[in-house]
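Take this sequence and fold it.
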Amino acid sequence: MNGSQPIELPDICQQRIDHLLASGKRAILGVVAPPGAGKSTLAQALLRRYGDALQVVPMDGFHLANSELERLGRRGRKGAPDTFDAAGFVSLLARIKSQQVGDAVVYAPEFRREIEEAVAGAIAVLPSTPLIVVEGNYLLLDDAPWPQVRGLTDEIWYLDVPDTVRHARLLARHMQFGRTRAAALDWITHTDEPNAVRIAQARQHADVCVAWL
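I've put the predicted structure just below:
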């Protein structure tokens, strides 16, 4: 997506967000899709539209550190489900879900692509924020502990994006952050796409599928 142009939110997104906000209670919305589908772009568009009523907490903050991935022999599969601290992510969602006005701030980690590492305590989740948008690849998986995510969210959306569009975005992203074209294509083929297949297999658990370009 072209970040220089305003992004028009699908009507279904605005309708469902308005419904969640109308409840008057803390709500958590999950946004899930394969790599390159534009989850972060949608989350930022929602943030611009709804302002202080909404905060974004990406799942990517729970990437295991590169040093730990090296120890586990998983560095070459970074981005696969077992390269995240899934239990830690679930625990954070539980804290966010129970947070009420007057409670302490809940701090969440944030993944920084420029260093390929997560930074602890980078996102301050305020108790006064009614809607938290959590975006990530694996919110719908059936393997433990991922199913707990569905019980801690009020809705989960699955973004439908043509594979050709996703692949082009992934190639541009990997090259932007230092990979050669050949290395980027290899990573897409052997890492991103196996993960994408697994993510798509769980789409039936989503509350709604959103066409998103």
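
how many neighbours does residue 203 have?
Residue 203 has 16 neighbours, counted by other C-beta atoms under 10 Å. The C-beta positions use only the backbone N, C-alpha and C, and glycine is treated the same way.

Not counting residues beside it along the chain, what's closest to it?
residue 158 (4.6 Å; C-beta to C-beta, 6 or more residues apart in numbering).

Please apply the same query to residue 188.
Nearest one to residue 188, counting by C-beta to C-beta, 6+ apart, is residue 170 at 5.2 Å.

That neighbour is in contact with residue 36, isn't it?
Yes - counting by C-beta atoms under 8 Å, a contact exists between residue 170 and residue 36, whose distance comes to 4.0 Å.

tell me, what's touching those two both at once?
residue 192 (C-beta atoms under 8 Å, 6 or more residues apart in numbering).

Mind giving me the packing neighbours of the lengthiest strand in the chain?
Using DSSP state E to define each element, the chain has its longest strand at strand 117-125. Using 3 or more C-beta pairs under 8 Å, 6 or more residues apart in numbering; DSSP states H and E as the contact test, the elements touching strand 117-125 are strand 54-58, strand 106-112.

let's see it at 10 Å
Judged by 3 or more C-beta pairs under 10 Å, 6 or more residues apart in numbering; DSSP states H and E, strand 117-125 is in contact with strand 54-58, helix 66-72, helix 86-98, strand 106-112.

Any idea how far that strand is from the middle of the chain?
Mean C-alpha position of strand 117-125 versus that of the full chain (C-alpha atoms, centre = their mean, to the nearest Å) differs by 14 Å.

just stretch 14-23 next, same as before
Distance, stretch centre to chain centre, for stretch 14-23: 20 Å (C-alpha atoms, centre = their mean).

what does it rub up against?
Stretch 14-23 has contacts (C-beta atoms under 10 Å, 6 or more residues apart in numbering) with 8-10, 26-29, 46, 49-50, 53-54, 130-131, 133, 154-155, 157, 207-208, 210.

Can you list which of those residues are found in strands?
27, 28, 29, 54, 131, 133, 155, 157, 208, 210.

Can I get the helices and strands packed on strand 117-125 in a markdown table including mean pLDDT?
Output for those, formatted as a markdown table (pLDDT from 0 to 100):
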| stretch | mean pLDDT |
| --- | --- |
| strand 54-58 | 97 |
| helix 66-72 | 97 |
| helix 86-98 | 97 |
| strand 106-112 | 97 |
